[in-house]
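Peer 1: A structural model of the following input is requested.
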Amino acid sequence: MAGSQYRGSDIKDVDQFLKDAKGLGSDREKEIGQHIGYRYDVNLLPDYDKLTPFLKDYMEFMGWDDLNWLEDVHMGYEEGEAAIFDRNINGWVRIPKGIKLPKNQQDRDMIARELLVKWQMSPDHPLVQLNKAYRKF
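Peer 2: Numbers count the residues shown, from 1 in each chain. Next up is the predicted model:
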């Protein structure tokens, strides 16, 4: 990950966006006063040797040969805290503070994928609440 780039800003350390809470690295981000979306190298493909046991079981249960829609899920950072962007709710879901983050971006991405799936299956997910409130049948 070190030496990688993110839309005009150099990523020198896997913890760069945890250490710099504002994270305004690119010229555009400085101009608008906030960071833009994702904080990962879009060219970083998933390393299937780093799959978590949960993701292996999930893929097997779903009958998938690959991560499919989870390939573009990466560990992001919101206000200096590790987070995952959930497109279904159009917002960041922060990683619980008790989770120790590995020093490798690939391992962090696998944890992010696992936590996103678990969050989306949780009864606390906003779409579950909407389903209960607006279900017709």
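Peer 1: end-to-end on stretch 85-95?
Peer 2: The distance separating the two terminal residues of stretch 85-95, taken as Cα to Cα, to the nearest Å, comes to 11 Å.
Peer 1: residues in contact with the one helix or strand Ala133 maps to?
Peer 2: Using DSSP states H and E, the element containing Ala133 is helix 126-134. In this structure, residues lying in contact with helix 126-134 by Cβ atoms under 8 Å, 6 or more residues apart in numbering are 88-89, 120, 122. Heads up, the C-betas are built off the backbone N, CA and C, glycines and all.
Peer 1: for the record, mean pLDDT for that helix?
Peer 2: In this model, helix 126-134 has an average pLDDT of 86.
Peer 1: in this protein, which spans are strands?
Peer 2: Using DSSP state E, the strands assigned to the chain run over residues 4-6, 9-11, 76-78, 81-86, 91-94.
Peer 1: Quick check: beta-bridge partners of Val93?
Peer 2: Val93 forms beta bridges with Ile84, as assigned by DSSP bridges.
Peer 1: CA atoms of the helix ranked longest in the chain as PDB?
Peer 2: Longest among the helix segments of the chain by residue count, using DSSP state H, is helix 105-121. C-alpha atoms of helix 105-121 as PDB (Å, rounded to 0.1, in the frame of the first residue of the first chain):
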ATOM      1  CA  GLN A 105      -4.500  -3.200   3.500                       C
ATOM      2  CA  GLN A 106      -5.600  -6.400   1.900                       C
ATOM      3  CA  ASP A 107      -6.400  -7.900   5.400                       C
ATOM      4  CA  ARG A 108      -8.200  -4.700   6.300                       C
ATOM      5  CA  ASP A 109     -10.300  -4.900   3.200                       C
ATOM      6  CA  MET A 110     -11.300  -8.500   4.000                       C
ATOM      7  CA  ILE A 111     -12.400  -7.400   7.500                       C
ATOM      8  CA  ALA A 112     -14.300  -4.500   5.900                       C
ATOM      9  CA  ARG A 113     -16.100  -7.000   3.600                       C
ATOM     10  CA  GLU A 114     -17.000  -9.300   6.400                       C
ATOM     11  CA  LEU A 115     -18.300  -6.500   8.600                       C
ATOM     12  CA  LEU A 116     -20.300  -5.000   5.800                       C
ATOM     13  CA  VAL A 117     -22.100  -8.300   5.100                       C
ATOM     14  CA  LYS A 118     -22.700  -8.900   8.900                       C
ATOM     15  CA  TRP A 119     -24.000  -5.300   9.200                       C
ATOM     16  CA  GLN A 120     -26.400  -5.700   6.200                       C
ATOM     17  CA  MET A 121     -27.700  -9.000   7.700                       C
END
